[in-house]
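# this one's structure only:
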């Protein structure tokens, strides 16, 4: 492994951690409806647990409403059951053709709970990125020990990895601020 390879690998791993965080944050409820809220729901479709998005069309007709229209109407009851079993805490309204989920306004306590969950997820992402830094610094030290990097190159590589960590931690903070503002928005 060489200097540019370690830098690229570090950036790739930190980018993956950032994308993972962004995906997790999408599932946290805010005052507005989002298709991402039902992404994790799996439906028993003819004996196979399938993601909701594969058995139904999901749309947002109003800011506080999610509409789920099954591709196969026989799956309507199973979709309704899956939503009730999920941790969304929203009662599905089934009219025989579509299922509507109306998002109730969040209470102050719920907002604080979701905001603290956002903080937890962001801290987990930061820890993951710091672990990447630690591992990549070990690679750099191993290369230096094997005389494949000079002392100066090793120091420069450590600095570059630290700079990447700082850059990605700032991105995490930006995501955290944005999502917390969405959650706390009345």
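Sure thing, it's come through. Owing to the predicted nature of the structure, the values given are computational and were not obtained by experimental measurement.
# Can you list the buried residues in the longest helix belonging to the chain?
In terms of residue count, the longest helix belonging to the chain (DSSP state H) is helix 108-145. For helix 108-145, burial by neighbour count (16 or more other Cβ atoms under 10 Å) applies to 111, 114-115, 117-118, 121-122, 125-126, 128-129, 132-133, 136-137, 139-140, 143-144. Placement of C-beta: from N, CA and C, glycine included.
# For the closest residue to residue 124 other than its chain neighbours, list the residues it contacts.
Among residues not flanking residue 124 along the chain, residue 21 sits closest, at 7.8 Å (Cβ to Cβ, 6 or more residues apart in numbering). Listed by Cβ atoms under 8 Å, 6 or more residues apart in numbering, the contact partners of residue 21 are 121-122, 124-125, 172, 175.
# Same check on residue 52?
Residues in contact with residue 52 (Cβ under 8 Å, 6+ apart) are 38-39, 41-43, 58, 68, 79, 82.
# Leaving out sequence neighbours, find the closest residue to it.
Excluding its sequence neighbours, the residue lying closest to residue 52 (Cβ to Cβ, 6+ apart) is residue 41, at 4.5 Å.
# what does the model give that neighbour for pLDDT?
Looking at residue 41, its pLDDT reads 87.
# Surely it and residue 82 touch.
Yes - at 5.3 Å, residue 41 counts as touching residue 82 under the criterion of Cβ atoms under 8 Å.
# give me the number of residues near the residue nearest to residue 52?
Neighbours of residue 41 under the rule other Cβ atoms under 10 Å: 20.
# same deal with the one 3 residues further on?
Applying other Cβ under 10 Å, we find 14 residues neighbouring residue 44.
# Over to residue 147?
Residues near residue 147, counting by other Cβ under 10 Å, number 7.
# where do the helices sit along this structure?
Per DSSP H, the chain carries helices over the ranges 3-26, 52-55, 76-85, 108-145, 151-184.
# Phi first, then psi, for the residue nearest to residue 52.
phi -80, psi 130 (degrees, to the nearest 10).
# can you pull the contacts of it?
51-52, 82-83, 86, 88.
# what sits against the closest residue to residue 43 other than its chain neighbours?
Spatial nearest neighbour of residue 43, chain neighbours left out: residue 82 (4.5 Å); criterion: Cβ to Cβ, 6+ apart. By Cβ under 8 Å, 6+ apart, residue 82 lies in contact with 41-44, 52.
# Against residue 163, how distant is residue 169?
Using Cβ to Cβ, to the nearest Å, residue 169 is found at 11 Å from residue 163.
# what's the model's confidence in stretch 76-96, averaged?
Mean pLDDT, computed over stretch 76-96, is 85.
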